[in-house]
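Participant: sharing a sequence plus its predicted fold:
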Amino acid sequence: MNPPHPEQAAAIGSGGVTRRTAMKFAAAGTLGLVAGMGATAGLAHWIRTAPAPYRFFSEAEARLLIAICEQIIPRDDAPGATDAGVIFYIDRQLATVFVRHQQTYRLGLESFRQTCLELYQVPFEQLAFEKQTEALRLIESGKVPPKLWGDRWPAAFFGLVLDHTRQGFYGSPRHGGNRDYVSYRMLGLAYPNLIGQNRYAAGRPV
Amino acid sequence: MTLSKVNVVIVGAGAGGGVVAKELAQAGLSVVLLERGEWVNYDEHTDDELWSQRTPALGNPFGPDDKRYRRVVVNANGSTRIVVPSDGGYSNNAGCVGGGTVSYGAMAWRYMPQDFRMRSTYGDVEGSTLADWPISYDDLEPFYEKAEYEIGVSGDYSNNPFGGPRKKPFPMPAFPYNKEAKLFSETTMRMGLHPFPIPMLRNSVPYNGRPACIHMRSCVGFACPINAKAGSQNTVLPIALATGNCDLRTGCVVSEIVVDDHGRARGVRYFDADGQGQEQPADLVVVSASATETARLLLNSKSKLFPNGAGNNNDWVGRNLMSHCYAGARGLVEDEIYEEAGPGACIAICDFSHGNPGLVGGGMLANEFIALPYLFSRSRPPGEAIWGKAHKDFQRRNFKRMIRIMGPFQEIPIFSARVSVDPVVKDAWGIPVCRLSGTQHPYDLHGADFLSQKAEVIIREMGATSVWRDRPTTLSLSGGQHQAGTCRMGDDPQTSVTNRHGQVHQIDNLFIADGSLHVNNGGFNPALTIMALAYWVSDHIKTGWKGSQFR
């Protein structure tokens, strides 16, 4: 039996969140731990009570994160982060290989939500697109009320979401994002990359 | 339990261990080859960029995994942090049958003659343990040749006046240039430089029963779907196994070299694939586990005569950890230059490898491997948007219009950059883990700056409109896939860990055969040198083997 990853253990035992959040958090953490070992009877309960269609996020968290990701890679004449299913990429990883980032997301999204309410008096998702951009720039540069973020660094949270959004948009569809290879199509990259059919003649690229 | 004795136990089936296993098994020695990882293949991981050895966003497909492995990194301020293999600071090298040679870019560089005589060529550098190798280029030349022929290298040095003398040509013709390389070739020739095709451990034509390359865009970081890329796993290891003398045991994690009270290695202790402790007695022990893990294993092997670890009575094991200080430049051109023909890297110059005024050493410069979309999305000029519509526009407009010229500047060794063993943190088997501390020598940043300036000038000459340099500007600890130097070979036991044959000082039947031996690391990717050294060490073992024991 392998010991849990130290960060993972720390995340699961974390304080500083509401009881309800902690319960949900523990549930999601358990889900993540158990997922690699195959389903058990105990797991089924949590699957039923987990907020569909997400494994980790609540509906409200997902709405907020979808809006943030859409700012990072917006739809124009090509699909954006929402179309590509970036939220499903991040959600799936948080329940499995990104268990160590669960706390960062849970606390970061809550601080993010409160920051927007304090600055604009409306939720981030309801701001006009340009206002959202402005809000995100403030968070990226850390120019936000520090009391809402505790000892956490808003820019670090943003940096993590930024990186995961790029992964979900440009990475392989097998992980839940880049639906229908939208980013590959946008870049004009042949897909699927079938072996041996990459336009070769006599063993040489043409 | 204690298993039946064999002639030699080898730790690690990568670039070094594969060669040693083949050479000794062919010579008739009974070999047990212990590898922590498993056999891997393309089909499990395909061309998934997030699950590649180059960009392990979701983990390392060819190991080691994030669940059972960890290390401790000492930060600049003295605090420590625990890292897992997919974290940058871990300094990972793949853990599977074949090691890094399954998924490497497969550049097949020989170091240059000057690389073996750095101290004689450049003199003393303050704060550095810069030294000459105890062997010369000429000593190693026959073994470079053997590696090139047995494992398989494509190349052509007719336009490279800087390489050391070669007795035989490359066994396979060079790969053709892609669009970027053609432009690089014309430009650098015009500038009076000497471009030539990068030698590659990759088949340009069918060779040794394996087919020619089909130019996957996903090459570096990935396994080859058709085995056109040559690694230990598809060249020397199958030969070793076919002799019937080599028992390859996968999933086996070695915890200790058993050294008796007389200073002789008696074998190794390891955990098998089921987690059961085993002891494998052997006449000889060869460690080829990479510069970080080889040092860790020696340090974890304490005995009466070596209370601080095998071969470590002078505190040199784990010292001089180094790699390469990568530097270069990127630029955008008007017309599309991307070609759907991997791996991308195919042309280089060695004009700046040595003889640079005011500098110690230098580095080759080459065009880069294809950056797949996620890696590309992290590549932007300074000041450019890193998110939003502008970021997306850049990606869309420039994915096929970027030139990248990079090279590994030769780092100079520094005693305080080191692998030690953490007093507290253990891995899943309860074995104390690597503790990495120190930084590069400040000098390396000057070298990187120099190399990136040269790359910038070339890219501008290639007609790029927007050019930016790419180089480290702050010191960090070097390591990663090119890790080297932690068990330096030398003639003086006071300032080295092994003799010129990779034989640990004072432990006659304990050998090292990997990048740990490197006295310095050249301005080149190290794989072929690791292979050549493994042939060199094997040759010495075979010569000294007297049928039942060594010497």
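Facilitator: Good, I have the coordinates. Numbering: from 1, shown residues only, chains lettered A, B, ... in the order given.
Participant: mind checking the longest helix of chain A?
Facilitator: Longest helix in chain A, counting residues (DSSP state H): helix A:102-120.
Participant: so that helix, near chain B or not?
Facilitator: No. If you take CB under 8 Å from any CB of the partner chain as the test, helix A:102-120 misses chain B, and the best it gets is 14.8 Å. From N, CA and C alone the C-beta is placed, and that goes for glycine too.
Participant: give me the pLDDT for B:Leu298.
Facilitator: Looking at B:Leu298, its pLDDT is 98.
Participant: how close does B:Tyr177 sit to B:Val220?
Facilitator: 18 Å (CB to CB, to the nearest Å).
Participant: if we can go back for a sec, in the longest helix of chain A, what's buried?
Facilitator: Buried residues in helix A:102-120, counted by 16 or more other CB atoms under 10 Å in any protein chain shown: A:102-113, A:115-116, A:119.
Participant: kindly report the same for stretch B:156-172.
Facilitator: Using 16+ other CB under 10 Å as the test for burial, stretch B:156-172 gives B:156-157, B:160, B:162-164, B:170-172.
Participant: TSV for these, including secondary structure, pLDDT and distance to B:Ala366?
Facilitator: Output for those, formatted as TSV (DSSP: H, G, I helix; E, B strand; the rest coil; pLDDT from 0 to 100; distance: CB to CB, whole Å):
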residue	secondary structure	pLDDT	distance to B:Ala366
B:Asp156	coil	97	15
B:Tyr157	coil	96	14
B:Asn160	coil	97	12
B:Phe162	coil	97	14
B:Gly163	coil	96	14
B:Gly164	coil	97	18
B:Phe170	coil	98	17
B:Pro171	coil	98	21
B:Met172	strand	98	19
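Participant: circling back to that earlier point, what's the longest helix of chain A packed up against?
Facilitator: helix A:19-35, helix A:59-72, helix A:86-94, helix A:129-141, helix A:154-170 (3 or more CB pairs under 8 Å, 6 or more residues apart in numbering or on different chains; DSSP states H and E).
Participant: and those helices as a markdown table, adding distance to chain B?
Facilitator: Below are these laid out as a markdown table (distance: least, CB to the nearest CB, whole Å):
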| stretch | distance to chain B |
| --- | --- |
| helix A:19-35 | 11 |
| helix A:59-72 | 4 |
| helix A:86-94 | 7 |
| helix A:129-141 | 7 |
| helix A:154-170 | 4 |
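Participant: pick the most buried one from those.
Facilitator: helix A:86-94 (a mean of 25; mean count of other CB atoms under 10 Å in any protein chain shown).
Participant: check which helices and strands that helix sits against.
Facilitator: helix A:59-72, helix A:102-120, helix A:154-170.
Participant: just for the stretch 451-551 of chain B, where's the confidence low?
Facilitator: Filtered on pLDDT under 70, the stretch 451-551 of chain B yields the residue ranges B:550-551.
Participant: of all residues in it, which one is closest to chain A?
Facilitator: Nearest to chain A, among the residues of the stretch 451-551 of chain B, is B:Thr474, at 17.7 Å (CB to the nearest CB).
Participant: who's in contact with that residue?
Facilitator: If a contact means CB atoms under 8 Å, 6 or more residues apart in numbering or on different chains, then B:Thr474 has B:Leu445 as its contacts.
Participant: does it sit in a helix, a strand or a coil?
Facilitator: Following DSSP: H, G, I helix; E, B strand; the rest coil, the label given to B:Thr474 is coil.
Participant: hang on, the earlier thing: redo the helices and strands packed on helix A:86-94 as a markdown table? Include mean pLDDT.
Facilitator: Converted to a markdown table, the helices and strands packed on helix A:86-94 look like this (pLDDT from 0 to 100):
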| stretch | mean pLDDT |
| --- | --- |
| helix A:59-72 | 97 |
| helix A:102-120 | 96 |
| helix A:154-170 | 97 |
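Participant: in a markdown table: those, plus distance to A:Gly177.
Facilitator: Shown next, in a markdown table, are the helices and strands packed on helix A:86-94 (distance: least, CB to CB, whole Å):
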| stretch | distance to A:Gly177 |
| --- | --- |
| helix A:59-72 | 10 |
| helix A:102-120 | 16 |
| helix A:154-170 | 3 |
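Participant: which one's the longest strand in chain B?
Facilitator: As assigned by DSSP state E, the longest strand anywhere in chain B is strand B:277-287.
Participant: quick one: the next helix or strand after that strand to strand B:277-287, angle?
Facilitator: Proceeding N to C from strand B:277-287, the next assigned helix or strand is helix B:291-299, under DSSP states H and E. Per axes from the mean of the first three to the mean of the last three CA atoms, to 10 degrees, the angle that helix B:291-299 makes with strand B:277-287 is 120 degrees.
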